[in-house]
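[1] How does the following fold in three dimensions:
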Amino acid sequence: MSYVNVPCGTCRACCRSPWFVKLMDWEKEFHGDVDVVPKKENGDCIYLEGDGCSLFGKSNRPYVCKTFDCRVKVKEWEARGRPELDEKLSPVIWAGIRLIGKKRDLDAA
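    Coordinates of the predicted model:
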């Protein structure tokens, strides 16, 4: 399996998004035999702590989280002609745009 290396920094937009993290069948036992990762009362992922994901770098971090790249969502959004962003997608798209902008700045240097 290959995982993406996204330089998230302190963003956490995907951890706070209203999307649900669907678990693979082989992951469910660790996460309490549920289909999706539970959310805190405020809507954040239950694994989000002050410094980020408490499962980051661990084998039991959900596959979806290991493979998610907000920059891909930006490319999909641009391919659709940049339609109006809804509340769910907006923070993640802006996070991806910031990362793409940083990469372009680094490439230009």
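[2] alpha carbons only for contacts and neighbour counts from here, please
    Noted.
[3] SS state for Gly81?
    At Gly81 the chain is in coil, as set by DSSP: H, G, I helix; E, B strand; the rest coil.
[4] what helix or strand does the most centrally placed residue in the chain sit in?
    In the chain, the centroid-proximal residue (CA atoms, centre = their mean) is Cys14; its distance is 3.6 Å. Cys14 belongs to helix 13-16 when assigned by DSSP states H and E.
[5] Then Gly101?
    helix 90-108.
[6] average model confidence for that helix?
    Averaging pLDDT along helix 90-108 gives 75.
[7] what comes into contact with the helix holding Cys14?
    Residues outside helix 13-16 that contact it (CA atoms under 8 Å, 6 or more residues apart in numbering): 43-45, 48, 70, 91-92, 95.
[8] Output that helix as PDB, nothing but the C-alphas.
    The C-alpha coordinates for helix 13-16 follow below in PDB (Å, rounded to 0.1, in the frame of the first residue of the first chain):
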ATOM      1  CA  ALA A  13      -9.300  20.900   8.000                       C
ATOM      2  CA  CYS A  14     -10.000  17.300   7.100                       C
ATOM      3  CA  CYS A  15     -10.100  16.200  10.800                       C
ATOM      4  CA  ARG A  16     -12.700  18.900  11.400                       C
END
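[9] From the chain's centre, how far out is that helix? Work that out for me.
    Distance of helix 13-16 from the chain centroid (CA atoms, centre = their mean, to the nearest Å) equals 6 Å.
[10] pLDDT below threshold where in the protein?
    1-2, 102-109 (pLDDT under 70).
[11] Quickly run through the sheet partners of whichever helix or strand comes after the helix holding Cys14, with directions.
    Next helix or strand after helix 13-16 toward the C-terminus (DSSP H and E): strand 48-49. Take DSSP bridges as the rule and strand 48-49 pairs in its sheet with strand 52-53 (antiparallel).
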